[in-house]
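Chemist: could you look at this predicted model? Sequence included:
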Amino acid sequence: MWVGGASYSRESFVAEAKKIGVSKRVAAVPKDLVLGVSKVYLISDMNEQDKQNFKAEITRRDKLARQEAKKSGGKPTRAEFGPPPRGEAVIFGWFTVGSVIYVVPPETKIPEELAARGVVPYEYIEGQFGSMDERGCGSLKIDGLYLISEPDMDKVKDLASGAIVEASGLHILETPIKYTGKRFRGICEIAST
């Protein structure tokens with residue numbers, strides 16, 4: 001699973017995950033997922049310096065796009081510049097999926113097919129944990145399905161409040177592994193060997 005550079009550098013993701021655990025949004029529950037056993041490997045192409053360079057380049061491109069739009073009377077777009085610069089992609093760590101949550105409004109049941117797969121509901125209540133941009137990627141999203149490293153959201157809340165000092169689910173590779181595949185969104189299943 002990719003850790004996006006728009007919200008995180010590897011360093012900022014690791015710091016957050018150590019503080020409140022890993023939480024990664026997915027479109028569907030991966031097939032063959034076994035809670036407490038299945039691992040999600042984390043890929044990133046941005047360390048802190050790469051992220052700063054990326055943001056500076058996006059700012060530069062936005063400025064140029066606005067200037068061009070002003071001249072031509074069109075809408076600003078940075079698409080003509082090609083992909084922005086990124087660093088080297090590496091697999092830098094992994095987490096074991098401790099729980100899968102489905103974010104719902106208060107007093108809403110989750111779909112039966114999710115419950116049958118072991119997914120548990122998490123009530124999104126404005127002003128409470130999950131709604132206050134606690135993570136670098138923002139608040140939880142209603143109808144969002146999340147793989148989390150901790151066994152349940154109560155432990156995540158305890159981590160966030162400081163009642164527990166460090167999350168247990170993230171494992172950092174001593175030597176990151178170069179990733180040579182294409183960039184992708186979401187989660188990509190691989191065969192274990």
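Modeler: Yep, that arrived.
Chemist: phi first, then psi, for K24.
Modeler: phi -130, psi 130 (degrees, to the nearest 10).
Chemist: beta partners of it?
Modeler: Counting by DSSP bridges, K24 is bridged to L147.
Chemist: now do the contacts for it.
Modeler: By Cβ atoms under 8 Å, 6 or more residues apart in numbering, the residues touching K24 are 1, 40, 146-148, 187. Placement of C-beta: from N, CA and C, glycine included.
Chemist: how about the residues you listed, which pair is most distant?
Modeler: I148 and I187 (13.6 Å; Cβ to Cβ).
Chemist: so I172 sits in a strand?
Modeler: Yes - assigned with DSSP: H, G, I helix; E, B strand; the rest coil, I172 falls within a strand.
Chemist: what's the nearest residue to it if we skip its chain neighbours?
Modeler: G93 (4.4 Å; Cβ to Cβ, 6 or more residues apart in numbering).
Chemist: give the other helices and strands that the longest helix anywhere in the chain contacts.
Modeler: Of all segments of type helix in the chain, defined using DSSP state H, the longest is helix 48-72. Packing contacts for helix 48-72, counted by 3 or more Cβ pairs under 8 Å, 6 or more residues apart in numbering; DSSP states H and E, involve helix 10-20.
Chemist: just want the angle from the helix it packs on to helix 48-72.
Modeler: Angle, helix 10-20 to helix 48-72, by axes from the mean of the first three to the mean of the last three Cα atoms, to 10 degrees: 120 degrees.
Chemist: report the buried residues of helix 10-20.
Modeler: 10, 12-14, 16-20 (16 or more other Cβ atoms under 10 Å).
Chemist: likewise stretch 171-182?
Modeler: Result for stretch 171-182 [16+ other Cβ under 10 Å]: buried residues 176, 179.
Chemist: avg pLDDT for it?
Modeler: Mean per-residue pLDDT for stretch 171-182: 94.
Chemist: rewinding a little: mind putting the buried residues of helix 10-20 into TSV with distance to V119 and pLDDT?
Modeler: Shown next, in TSV, are these (distance: Cβ to Cβ, whole Å; pLDDT from 0 to 100):
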residue	distance to V119	pLDDT
R10	28	95
S12	28	94
F13	24	95
V14	26	94
E16	23	93
A17	21	93
K18	25	90
K19	24	90
I20	20	92
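Chemist: give me the residue at the spatial middle of the chain.
Modeler: K24 (4.3 Å; Cα atoms, centre = their mean).
Chemist: look at that residue and report its pLDDT.
Modeler: pLDDT, K24: 95.
Chemist: do the same with S192
Modeler: The model's pLDDT for S192 equals 54.
Chemist: and for L33?
Modeler: pLDDT, L33: 93.
Chemist: and what of the one 4 residues further on?
Modeler: Reading off the per-residue confidence, V37 sits at a pLDDT of 94.
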